[in-house]
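*Asks:* What would the 3D arrangement of this be:
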Amino acid sequence: MLTIIGLSPEMTGSVRAAHWNLFAVTVQQHIDTYAVPQYGDYPNDQIEEFTVEDFKVNMKRYINRMSSNSRGSEESIRDCIKIAHYAQMLYRKLMNEKENDSA
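*Replies:* From the prediction side, this is the model:
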């Protein structure tokens, strides 16, 4: 049985979900300690003006940077976290657009 920092498959439904929950905590820490202090918080941050295409371009930029060996593994890990944060914000944007389309 997998138990990592109090998470187990019994609590999450699967080992993959437990892994996701641990990753989500890491992303939350990044948002709270890096993104919000640097760029502000919803709804007063510049990200609120982003289009779907803006999110895709920025995610691709971080993906491409991960391929650069000169940046090192620590920066690649940080870029992965940034991609996840952008994916969450893109998801929210798409869901808002879907709700507006059906209204």
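
*Asks:* In contact with the nearest residue to C80 once chain neighbours are set aside, which residues?
*Replies:* Counting by Cβ to Cβ, 6 or more residues apart in numbering, M66 is the residue found nearest to C80 once chain neighbours are left out, at 6.9 Å. All C-beta spots, glycine's among them, are computed from the backbone N, C-alpha and C. Residues near M66 by Cβ atoms under 8 Å, 6 or more residues apart in numbering: 76, 79-80.

*Asks:* Mark out where each domain of the chain begins and ends.
*Replies:* For the chain, automatic domain parsing gives the domain ranges 1-40, 50-103.

*Asks:* distance between the ends of the last one?
*Replies:* Read that as domain 50-103. 22 Å (Cα to Cα, to the nearest Å).

*Asks:* At which residues are the strands of the chain located?
*Replies:* Remark: no strands are assigned in the chain by DSSP state E.

*Asks:* Look at R16 and say how many residues are nearby.
*Replies:* Counted with other Cβ atoms under 10 Å, the neighbours of R16 add up to 10.

*Asks:* Can you give me the buried ones in the biggest helix by length in the chain?
*Replies:* As assigned by DSSP state H, the longest helix anywhere in the chain is helix 72-102. Using 16 or more other Cβ atoms under 10 Å as the burial criterion, the residues of helix 72-102 that qualify are 78-86, 89-90, 93.

*Asks:* Can you tell me which of those is closest to T51?
*Replies:* K93 (8.1 Å; Cβ to Cβ).

*Asks:* what sits against the closest one?
*Replies:* 50, 52, 55.

*Asks:* Reformat the residues you listed as JSON lines; add pLDDT, distance to V27 and neighbour count.
*Replies:* Below are the contacts of K93 laid out as JSON lines (pLDDT from 0 to 100; distance: Cβ to Cβ, whole Å; neighbours: other Cβ atoms under 10 Å):
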{"residue": "F50", "pLDDT": "96", "distance to V27": "18", "neighbour count": "17"}
{"residue": "V52", "pLDDT": "96", "distance to V27": "20", "neighbour count": "11"}
{"residue": "F55", "pLDDT": "97", "distance to V27": "15", "neighbour count": "19"}
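
*Asks:* Mark which of those are part of helices, please.
*Replies:* Secondary structure defined by DSSP H assigns 52, 55 of those to helices.

*Asks:* Good, we can wrap up now.
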